[in-house]
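Undergrad: I'll drop the sequence and a predicted model, then ask my questions.
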Amino acid sequence: MSHLTKIKSIENLTHDVLRVVLDKPAGITYIPGQAADIALNKLGWSDKENCFTFTSLPEDDEVEFTIKTYPDHHGMTNELLSAQPGDEVLIYDSFGDIYFKGPGMFIAGGAGVTPFIAMIKDLEKQNRLNGNKLIFANKGKADIILEDYFKSVLDGNFINILSNEDLDGYEHGYISPEIIKKYDEDDLNYYYLCGPPPMMEAIEGHLHALGIASEFIVKESF
């Protein structure tokens, strides 16, 4: 089922990531961490659905998506670069297997952090952030989405790792078993994963090698 709404505002969060805020249609429900297919309601685009994660909370008065743009793909994210407030959008019903199950380590690569934005906002609102960590992998510092927000709410439990830059205060390289072990703690029961498929596959392998059972690894099943 689709819900027709309009763009309220659109702005850049980073050089290639947009925050898109929409009027909240009646009947939209979701759990922090879930996603929905959306489409632009204009000629040639209304049947071209793309999946994005809600980065607002279910009780908010508006709906927000945090979207990485790929101009060279000539797809929906490129169209959003020229979108304006008032443009119509179709939102479909929510879905997804990533939701909070208990204290853990959130492991994200690039735009894969988007499910964790809503989850961390929700935990902050409930004063339940203690005992959770975020390890966020990017190419460079300029790619880090919401760095100031995550620093403010997670402090030392926000760990950045950069593959293309070696900066003070940031880990350098890729998420490895050694990085996971360095920041792991006994009371981190769950490992929440979201990122590009090759990264997901590699990290899941690292977790299994560290003795983490599949039931404690939370990721999308598709």
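TA: The structure has been received and is ready for your questions.

Undergrad: Spatially nearest residue to the residue nearest the centre of the chain, not counting backbone neighbours?
TA: A centroid search over the chain (Cα atoms, centre = their mean) returns T114, at 1.1 Å, as the residue closest to the centre. Nearest residue to T114, sequence neighbours excluded (Cβ to Cβ, 6 or more residues apart in numbering): T53, at 4.0 Å. Where you see a C-beta, it was placed from the backbone N, CA and C, and this is true even at glycine.

Undergrad: Just give me the neighbour total for the one you found.
TA: For T53, the number of neighbouring residues by other Cβ atoms under 10 Å comes to 28.

Undergrad: Got the phi and psi for it?
TA: Here is the backbone geometry of T53 (degrees, to the nearest 10): phi -90, psi 140.

Undergrad: Check the one 10 residues further on too.
TA: As for V63, its main-chain torsions (degrees, to the nearest 10) stand at phi -110, psi 130.

Undergrad: Same question for the one 3 residues further on.
TA: Reported as degrees, to the nearest 10, the phi and psi values for T66 are phi -110, psi 110.

Undergrad: for it, what are its contacts?
TA: 13, 17-20, 52-53, 55, 111, 114, 117, 145-146 (Cβ atoms under 8 Å, 6 or more residues apart in numbering).

Undergrad: Could you tell me which of these belong to strands?
TA: By the criterion of DSSP state E, membership of the contacts of T66 in strands covers 13, 17-20, 52-53.

Undergrad: excluding its backbone neighbours, what's nearest G104?
TA: Among residues not flanking G104 along the chain, Y190 sits closest, at 3.2 Å (Cβ to Cβ, 6+ apart).

Undergrad: same thing with P58?
TA: Nearest non-adjacent residue to P58, counting by Cβ to Cβ, 6+ apart: Y30, 5.7 Å away.

Undergrad: The one you found: how many residues sit nearby?
TA: By other Cβ under 10 Å, the residues close to Y30 number 21.

Undergrad: Could you count how many residues lie near the residue nearest to K121 when sequence neighbours are not counted?
TA: Nearest residue to K121, sequence neighbours excluded (Cβ to Cβ, 6+ apart): L57, at 5.8 Å. Here the number of neighbours of L57 (other Cβ under 10 Å) works out to 16.

Undergrad: related to what we said a few turns ago, what residues are up against the residue nearest to G104?
TA: Counting by Cβ under 8 Å, 6+ apart, Y190 makes contact with 101-105, 216-218.

Undergrad: In the residues you listed, which residue is surrounded by the most others?
TA: Greatest neighbour count in the contacts of Y190, by other Cβ under 10 Å, goes to M105: 22 neighbours.

Undergrad: ok, that one touching F116?
TA: No: the pair M105 / F116 is not scored as a contact, 10.6 Å apart, by Cβ atoms under 8 Å.

Undergrad: Between those two, which contacts overlap?
TA: Common neighbours of M105 and F116, counting by Cβ under 8 Å, 6+ apart, are 134, 192.

Undergrad: Tell me which helix or strand comes right after the host helix or strand of K181.
TA: Assigning secondary structure by DSSP states H and E places K181 in helix 177-183. Downstream of helix 177-183, the first helix or strand assigned by DSSP H and E is strand 190-194.

Undergrad: Return the distance of that following strand from the chain's centre.
TA: Strand 190-194 has its average C-alpha position 12 Å from the chain's average C-alpha position, going by Cα atoms, centre = their mean, to the nearest Å.
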